[in-house]
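**Student:** A structural model of the following input is requested.
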Amino acid sequence: MSSKKEKSFHKRSKEDFEDFIKKLELQALETAEERIPLYLKVGLKDAELILDVGCGSGMVTRDIAHLTKGKVIAIDGSKEMIKVARKVLSIYNNVELRVGDAENLPFDDNMFDIVTCNLVLMWARNPQKVVNEMARVTKPDGIVLATLEPDYGGKLHYPEHPKVDSIFAGEAIRQRGGDPHIGRKLRSLFVKAGLETQVGIGNNRIWTCEEDKAYYLHARDFYIKALKDAGLSQEEIDKWEYEYLRSLDEGVQLNFFPQFYAIGRKKKKELE
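**Tutor:** The predicted structure is shown next:
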């Protein structure tokens, strides 16, 4: 039986929390090729003060800290995540970690050169309020950057599997309280926050079957759990997994879903 202490780990059991951290590490590695060009594009290297909102385990913050000459403040609502981030970022002298709410950022107006988030808006209770807060604490002519927000409504997958595809096309995200269609909403969120906005899709490359298989095998427990939570029997899961792995080995599997980014510049006239 799980104890109350075990259940306090980011609303997960201790075992699930540890698995989740591993997934975040893999996710950070796999998305680096999408995020790093965006950091360079918005001038992260020469920014003096940067805020990373919803830093989680610190895996993405590590890339930011490595790329910039400035100071990085990273904030997350979970004390457990901040503890993990302290270990991940222990060798970086330019990072300060804080516990705080993305919807009510504990900072003054017009503080930061760049304010960034990664895979945060999809899980936010009120994503518009989060973007509004990010814009508020950004300096005039500064940048608000959302590096990665997927849209499962645009997911492409072949060979098709009617029963499983709907689960991985956003239903599992929705059941966990997320918005699987947040990517298409980025422009609206940023414009309504008063930002001069540019949106795009960061993942232009379709993975090879070998890359897809390596990722699946590393994250297999999460896939299987999602299918079990959706009500599939073990027999159905085994049959799907056999067919999926076979299609990868045959080199015919194709997976793609768009991952959007948004760059918003805070207008100077807001302070005039």
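
**Student:** in the stretch 51-200 of the chain, which spans are strands?
**Tutor:** 71-76, 95-99, 112-117, 138-150, 156-158, 195-201 (DSSP state E, counting those that start in this stretch).

**Student:** What helices and strands are in contact with the longest one?
**Tutor:** Contacting strand 138-150 under the criterion 3 or more CB pairs under 8 Å, 6 or more residues apart in numbering; DSSP states H and E are the following elements: helix 14-41, strand 112-117, helix 127-136, helix 186-192, strand 259-266. Where C-beta positions appear, they are placed from N, C-alpha and C, glycine not excepted.

**Student:** Could you export the strands of the stretch 51-200 of the chain to TSV, including columns for distance to P106, mean pLDDT and mean neighbour count?
**Tutor:** Formatted as TSV, the strands of the stretch 51-200 of the chain follow (distance: least, CB to CB, whole Å; pLDDT from 0 to 100; neighbours: other CB atoms under 10 Å):
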stretch	distance to P106	mean pLDDT	mean neighbour count
strand 71-76	8	98	24
strand 95-99	7	97	17
strand 112-117	13	98	26
strand 138-150	15	96	23
strand 156-158	41	89	14
strand 195-201	21	97	16
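
**Student:** Ok, which of those comes nearest A230?
**Tutor:** Closest of these to A230 is strand 156-158, at 15.8 Å (criterion: CB to CB).

**Student:** Distance from the closest one to the middle of the chain?
**Tutor:** A distance of 22 Å separates the centroid of the chain from that of strand 156-158, by CA atoms, centre = their mean, to the nearest Å.

**Student:** That one pairs with which strands, and in what direction?
**Tutor:** Strand 156-158 pairs in its sheet with strand 254-256 (antiparallel), by DSSP bridges.

**Student:** Can you give the contact residues for the partner strand?
**Tutor:** 155-158, 203, 206-207, 212 (CB atoms under 8 Å, 6 or more residues apart in numbering).

**Student:** Repeat that for stretch 146-156.
**Tutor:** Contact with stretch 146-156 is made by 31, 34-35, 38-39, 60, 116-122, 131, 165, 168-170, 173, 180-184, 186, 190, 202, 254-262, as judged by CB under 8 Å, 6+ apart.

**Student:** P159 contacts V252, doesn't it?
**Tutor:** Yes: shown here, P159 and V252 form a contact pair, counting by CB atoms under 8 Å, at 6.9 Å.

**Student:** So for the residue nearest to the spatial centre of the chain, what's the nearest residue that isn't a sequence neighbour?
**Tutor:** Closest to where the C-alpha atoms of the chain average out (CA atoms, centre = their mean) is L119, at 2.0 Å. Spatial nearest neighbour of L119, excluding adjacent residues (CB to CB, 6 or more residues apart in numbering): L148 at 5.4 Å.
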